[in-house]
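>>> Okay, structure incoming, though there's no sequence with it:
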């Protein structure tokens, strides 16, 4: 199949050049088939783009036996001539001269030409990339990944690879998966005999290692799988997801916010410009936003920013509308409050800064007031929190106190040691790729943004 053409390339050929084209070979999966008196029509997808290619087969006896074997999902290779299409919604079609069935489908093939619920499709995750919705999601996932690498390269960041296994809890929250080579059925487990000679875990963040890399390279980012053993069955949580984490030396919280806002708007523009068919599909099928709103957010000059204390005052004036109480100082915002701020009040993404230190991670820099830290959470309409970041505590004494409270000194002695040797103000944030996909597409469950979701009790695929 060396001469095979991709549908995405064919759809960009000017109509005036079709006549001079040689024979065209296309391979893909049949989305639908219908027959008329004079010919049969097949909608063919090869996954290269959102649109399909209509294949037209003249009503001749030689095709009868082959067409009887073709159903939704059948893999075929077709050879023919591209011509302008008289049908609405498409510019060209393929007049079939030859057709080969590559892979037939069984009678129990579950994807038919009808609407399937996303819940049902999660049960057949190995087949859902063939649907219009999920092929579009995974192309956009590729787009955001590529755009992220392009963005940070343009901003002078170096892509670094941080470890997936660690001996410490990077967030100090305790929601971590253990890694071991020992037989845990032995109740007298001696971890000095384990592979690493100590307890080991899957990393919950690449931030801590990114910090020491930033202290030598200036600006770095890590982008890879992250693991949280949080027993949560909400629409917004996964046990395994992909996190984007930049880290900058000689940077404060304001620098962190500016970079996060610039990254966010870059991703929106990239999706709209490079994958307009997919974006248009989700905007019209899920009706979660409008092109005008996305363009507005993508061209916003400066981010909307308020402090945690200001947010509490604002929420208190609208307390009657919430199903949960407005938090008092020292309590975190609920999802309902996050969505209200971005979607209803500001009608735009918003950064909330300077949370109480007792509800934030140990590594965040203490503010001069002694009760808050230099951090930010980024909320978007409909989805709530999309990013979280902070200026890191670069002062040895302050960090030691915070780590001692969590008994982290032994496992993370190197992290504290970094503050003794040329420590500088530095900052960074984390963005979950899947949550960004939820925001762009309007998909309401994070399990539908990743090929094989890992959740409590869910590791089948």
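Sure thing, it's come through. For clarity, every value in this text was computed on a predicted model and none was experimentally measured.

>>> Quick check on residue 295: phi, psi?
In terms of degrees, to the nearest 10, the main-chain angles of residue 295 are phi -60, psi -40.

>>> List the residues that contact the residue lying closest to it once chain neighbours are set aside.
Spatial nearest neighbour of residue 295, excluding adjacent residues (C-beta to C-beta, 6 or more residues apart in numbering): residue 272 at 7.1 Å. Backbone N, C-alpha and C define where each C-beta goes, glycine included. Contacts for residue 272 (C-beta atoms under 8 Å, 6 or more residues apart in numbering) come out as 279, 291, 294, 295, 298.

>>> again with residue 446
The contact partners of residue 446, by C-beta under 8 Å, 6+ apart, come to 235, 236, 237, 238, 241, 434, 435, 438, 453.

>>> Next one: it, what pLDDT does it get?
Model confidence at residue 446, expressed as pLDDT, equals 96.

>>> Likewise for the one 5 residues further on?
According to the predicted model, the pLDDT of residue 451 comes to 96.

>>> Just grab the bridge partners of residue 98 for me.
Assessed by DSSP bridges, residue 98 has beta-bridge partners residue 79.

>>> thinking again about what came up before, can I get the buried ones among the contacts of residue 446 as something I can paste into PyMOL?
Buried members of the contacts of residue 446, defined by 16 or more other C-beta atoms under 10 Å, are picked up in PyMOL with:
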select buried, resi 236+237+238+241+434+435+438+453
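
>>> just curious, which of the contacts of residue 446 is nearest to residue 54?
Nearest to residue 54 out of those is residue 438 (C-beta to C-beta; 32.3 Å).

>>> That closest one: which element?
helix 433-441 (DSSP states H and E).

>>> Measure how far that helix is from the centre of its chain, please.
5 Å (C-alpha atoms, centre = their mean, to the nearest Å).

>>> now swap in stretch 36-43 and tell me
Between the centre of stretch 36-43 and the centre of its chain there are 39 Å (C-alpha atoms, centre = their mean).

>>> can you list the residues that contact it?
The contact list for stretch 36-43 (C-beta under 8 Å, 6+ apart) reads 30-35, 52-59, 63, 67, 70, 76.

>>> Which of those fall within helices?
If you go by DSSP state H, the contacts of stretch 36-43 have 63, 67 in helices.

>>> Drop the exposed ones from the contacts of stretch 36-43 and show what's left.
30, 31, 33, 52, 53, 54, 55, 56, 57, 63, 70, 76.

>>> Need the max-distance pair from the residues you listed.
Largest separation among these by C-beta to C-beta: 52 and 63, giving 19.9 Å.

>>> what about the residue nearest to residue 295, which SS state?
Here residue 272 is helix, with the state taken from DSSP: H, G, I helix; E, B strand; the rest coil.

>>> gap between it and residue 284?
Counting by C-beta to C-beta, to the nearest Å, the separation of residue 272 from residue 284 is 14 Å.

>>> got it, and residue 403?
Distance from residue 403 to residue 284, by C-beta to C-beta: 51 Å.

>>> Could you say which helix or strand holds residue 388?
Residue 388 is part of strand 384-391, with elements assigned from DSSP H and E.

>>> list the helices and strands that strand packs on?
The contact analysis (3 or more C-beta pairs under 8 Å, 6 or more residues apart in numbering; DSSP states H and E) places strand 384-391 against helix 253-274, helix 335-339, strand 375-380, strand 426-432, helix 433-441.

>>> what about these, which gets the closest to residue 5?
It's helix 253-274; of the helices and strands packed on strand 384-391, that one is closest to residue 5 (C-beta to C-beta) at 20.6 Å.

>>> Now that closest one: average pLDDT?
pLDDT averaged over helix 253-274 gives 97.

>>> quick one: that helix to strand 426-432, angle?
40 degrees (axes from the mean of the first three to the mean of the last three C-alpha atoms, to 10 degrees).

>>> Now helix 253-274: buried residues?
Residues 253, 255-257, 259-261, 263-272 are the ones in helix 253-274 that count as buried (16+ other C-beta under 10 Å).
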